[in-house]
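[1] Sequence below, structure please.
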Amino acid sequence: MLSALAHRIHPMQNQHDFLAKTALGLFLAGILGPILLICFGINTGGPYILGIACEFFALLFASLSWSQRISRIVATVVLCLIAVGAGNFILFKTSAKSARDSMQAREAQARLNAEASAAKR
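    Just a heads-up that it's a prediction; the model follows:
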């Protein structure tokens with residue numbers, strides 16, 4: 001009786017509970033789904049797209065039901081994953097650029113040395 005009365009007073013509570021549980025389910029699917037698909041041998045872009053899409057929708061549903069504790073946790077974890085991923089992308093992109101630049105400098109130096117030794121002969 002009291003639960004029926006509580007739902008009449010706060011009808012949006014059920015919707016927020018559903019959105020929070022959906023956000024948690026999508027978060028887990030975004031983390032575990034690509035791992036399972038890769039374990040089964042599907043190693044094209046599909047698992048990564050699935051993971052990114054699930055995490056995006058988990059963040060969306062978590063923000064829609066922000067009043068729930070689990071939604072705040074899911075949103076925080078997803079945002080941390082995005083920050084770590086962006087940091088790794090930037091770090092590896094700059095390190096790959098510096099490695100490419102140093103390799104080009106070594107190749108240019110080797111070419112100059114080869115030309116110098118050919119000119120001495």
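
[2] what about the residue nearest to residue 72 when sequence neighbours are not counted, which helix or strand?
    Spatial nearest neighbour of residue 72, chain neighbours left out: residue 66 (6.4 Å); criterion: Cβ to Cβ, 6 or more residues apart in numbering. Quick note: C-beta positions are derived from backbone N, CA and C, even for glycine. Residue 66 belongs to no helix or strand when assigned by DSSP states H and E.

[3] how close does residue 66 sit to residue 115?
    Using Cβ to Cβ, to the nearest Å, residue 66 is found at 66 Å from residue 115.

[4] Likewise for residue 27?
    Separation of residue 27 from residue 115 (Cβ to Cβ): 59 Å.

[5] pretty sure the residue nearest to residue 72 contacts residue 74?
    No - with contact defined as Cβ atoms under 8 Å, residue 66 does not count as touching residue 74 (10.3 Å).

[6] Show me which of these two is the more surrounded one.
    Counted by other Cβ atoms under 10 Å, residue 66 and residue 74 do not tie: residue 74 has more neighbours, with 26 against 13.

[7] This completes my enquiry, with thanks.
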